[in-house]
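*Asks:* A predicted structure for the sequence below; I have some questions about it.
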Amino acid sequence: MSDGCTSCGNKGGCDSRKGGMFAAVDEALARLYPTRRWAERDEEAGFGAGVSAGEGAAVARALAARLKALAVHRPGTADETCDYIYVLCFGRTPSLVQRLHGLVDGPDDDAELGDVEERYLRVALSSVARFAGVQEVAMRGSRQPDVEGGALVVTEESRTGVFDPILLKRFQGLVAVLAEHDIRHLDFGEITEAPEGFDPGDYAERYGGGAPAVANYLFFPQPAASVTTTVVTARP
């Protein structure tokens, strides 16, 4: 499955949909980056133009109800222009995302927790445009007895879209919920290249790699395919 393929075999409809998506992305980039240079975003143009935190939380509730799955809304960091929703596709609760963000009530009673692997659909909701991008994310957790008294080490690995066919049904339902909230879904595979004619500025020095992709201008600065590791200390 390629990212965004919810109408397999309908090439004409797909081409039309993607044409509208590209036009919307071009308009947003022109509005937000009039100088066409990385890190020179027009903050006034982006203010209030995206998905608010309150609306993101409402979308998470709608996804949980529609998909009958855990959906956790989390704010982005200070250098990101998005919030996230993690939809648990394979795993158990309390999930690694809940543990990672301190959302488990009471003491950590899973000191004997062994190796855990979970799969998510991660939705990035832009705060500067009414766009969403969806990625497949694997999250792995393991107890490390020699790390801070048996801390939980969580590794999060994101892909540049959604590719596993087993996720298709939930992915389609997720995109339908976004449409109901008037949030345009961007096929992630189509926004992982640098926009033509834009100056990357000091992006490579700050984040490594080459020029920033469209996704970096609209959602977050880090590469779309990335691996992060976090140590979660046990709570009393």
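*Replies:* Here it is on my side, so go on.
*Asks:* wasn't Arg17 part of a strand?
*Replies:* No: under DSSP: H, G, I helix; E, B strand; the rest coil, Arg17 sits outside any strand and is assigned helix.
*Asks:* pLDDT on the longest strand seen in the chain, on average?
*Replies:* Ranked by number of residues, the top strand in the chain under DSSP state E is strand 131-144. Computed over strand 131-144, the mean pLDDT rounds to 93.
*Asks:* repeat for stretch 55-64
*Replies:* Here stretch 55-64 scores 98 as its mean pLDDT.
*Asks:* the longest strand of the chain pairs with which strands, parallel or anti?
*Replies:* If you go by DSSP bridges, strand 131-144 pairs up with strand 116-126 (antiparallel), strand 151-158 (antiparallel), strand 184-186 (parallel).
*Asks:* list the buried residues of it.
*Replies:* Neighbour-count burial for strand 131-144 flags 131-139, 141, 143 (criterion: 16 or more other CB atoms under 10 Å). C-beta coordinates here come from the backbone N, C-alpha and C atoms, glycine included.
*Asks:* which parts of the protein are helices?
*Replies:* Using DSSP state H, the helices of the chain run over 11-32, 43-46, 53-67, 96-100, 168-180, 203-207, 214-218.
*Asks:* so where's this protein uncertain?
*Replies:* For the chain, applying pLDDT under 70 flags the ranges 1-16, 106-114, 145-150, 234-236.
*Asks:* most tightly surrounded among the helices of the chain?
*Replies:* Stretch with highest mean neighbour count among the helices of the chain: helix 214-218 (a mean of 25; mean count of other CB atoms under 10 Å).
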